[in-house]
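K.L.:
attaching a predicted model along with its sequence, questions to come.
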Amino acid sequence: MISRRAFLATAGFATAGVRSAKALALREAFARQNVVKNGRLKQSVSRWPYAKIPLPEFCRAVAEMGLTAVDLLEEDEWPIARQAGLVCSMGYAGGGSIKDGLNVKANHDAIVRNFERTIPRAAALQVPNVITFFGNKRGMSDDEAMTNCVAGLNRVKKIGEDHGVTICVELLNSKVNHADYQGDRTAFGVAIVKAVDSPRVKLLYDIYHMQIMEGDLVHTITDNHQYIGHYHTGGVPGRHELDETQEVNWPAVCRAIVDTGFHGFVAHEFVPTRDPLTSLREAVALCDV
């Protein structure tokens, strides 16, 4: 096995960033090592931070690391993951956008139509989750937003139930990245999921976003795990590597998730600042509690 220290020294990443054939070969060999040893937590990785790597190549690298899934793929990309022996752990399926989501009733018809078409296809390709959003406030009160979100999710929950696909509504921060987003607190999302009362409507708890808004991650996850269907990671601050430069204790958070009996996916959604596959591999190892 190639140690990370030996890899970095030989490949020249610690100095001038050498890109020789030998360095690239070592980088590829390092990325191919299966890093998943415990496997108590099912880890995935979001596609968009690695968009410069062609998807088939990325899927191969992900599989060689020991991961079984790729997150946030478009519908036409789902079969590519399947061909690589992976699943799309969270699919884009026409569930609106961050700004234009479930809190506005005028958006509901389009979301319903999209889910009626895409959720059966997701089930056929073994995509377990599809994403949707609460939307921006634009002056709307939380009470009105909750009522509208519950109404919209009630219209689509049976589609998810009938096909065994979970509709996940994402919690995002409104402080740094998504100003005016309505679903920026766990309590807001939990109240909506409780009211909808469906095993196929859950929250996408983004750890990066909720650390910014609330902190208290382990306690919040432990108390609300039954309403959470999916997790995302990202270093705080900056949404970069899960390393010593940021503030979340990832092994502790991941152990808390495992201890709840969670059987879904935790997907890495950080933006690498170093060699991307090396950063991903290190994150997977860190969270393999």
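P.N.:
Nice, I can see it. Numbers count the residues shown, from 1 in each chain.
K.L.:
list the contacts for residue 168?
P.N.:
Residue 168 makes contact with 90, 129, 130, 131, 132, 202, 203, 204, 229, 230 under the criterion Cβ atoms under 8 Å, 6 or more residues apart in numbering. Bear in mind the C-beta positions are built from the backbone N, C-alpha and C, glycine included.
K.L.:
ok, which pair from the residues you listed is furthest apart?
P.N.:
130 and 203 (13.5 Å; Cβ to Cβ).
K.L.:
ok, back up a step: of the contacts of residue 168, which belong to strands?
P.N.:
In this view, the contacts of residue 168 that belong to strands under DSSP state E are 90, 129, 130, 131, 132, 202, 203, 204, 229, 230.
K.L.:
of those residues, select the buried ones using a PyMOL command.
P.N.:
Applying 16 or more other Cβ atoms under 10 Å to the ones in strands among the contacts of residue 168 leaves a buried subset, and the PyMOL line that selects it is:
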select buried, resi 90+129+130+131+132+202+203+204+229+230
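K.L.:
what's the burial count for residue 186?
P.N.:
Residues near residue 186, counting by other Cβ atoms under 10 Å, number 22.
K.L.:
for it, give me its contacts.
P.N.:
Counted by Cβ under 8 Å, 6+ apart, residue 186 has contacts 171, 203, 205, 210, 214, 220, 224.
K.L.:
now for the residues you listed, which pair is the farthest apart?
P.N.:
203 and 214 (13.2 Å).
K.L.:
pLDDT score for residue 102?
P.N.:
For residue 102, the pLDDT comes out at 98.
K.L.:
would you list the ones in strands among the contacts of residue 168 in CSV and tack on pLDDT and distance to residue 80?
P.N.:
Output for these, formatted as CSV (pLDDT from 0 to 100; distance: Cβ to Cβ, whole Å):
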residue, pLDDT, distance to residue 80
90, 98, 15
129, 98, 18
130, 98, 17
131, 98, 18
132, 98, 23
202, 98, 26
203, 99, 27
204, 99, 22
229, 98, 24
230, 98, 21
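K.L.:
isn't there a helix covering residue 45?
P.N.:
No - secondary structure of residue 45 (DSSP: H, G, I helix; E, B strand; the rest coil): strand, not part of a helix.
K.L.:
make JSON lines out of the contacts of residue 168 and add distance to residue 271.
P.N.:
Output for the contacts of residue 168, formatted as JSON lines (distance: Cβ to Cβ, whole Å):
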{"residue": "90", "distance to residue 271": "17"}
{"residue": "129", "distance to residue 271": "22"}
{"residue": "130", "distance to residue 271": "23"}
{"residue": "131", "distance to residue 271": "19"}
{"residue": "132", "distance to residue 271": "23"}
{"residue": "202", "distance to residue 271": "25"}
{"residue": "203", "distance to residue 271": "23"}
{"residue": "204", "distance to residue 271": "18"}
{"residue": "229", "distance to residue 271": "24"}
{"residue": "230", "distance to residue 271": "19"}
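K.L.:
tell me who's in contact with residue 213.
P.N.:
173, 174, 175, 184, 185.
K.L.:
my read: the third one touches residue 212, true?
P.N.:
Yes - in this structure, residue 175 sits in contact with residue 212. The criterion is Cβ atoms under 8 Å, and the distance is 5.5 Å.
K.L.:
neighbour count: those two, which is higher?
P.N.:
residue 212 (20 against 12).
K.L.:
helix or strand: which one has the more buried one?
P.N.:
Residue 212 belongs to helix 207-213 when assigned by DSSP states H and E.
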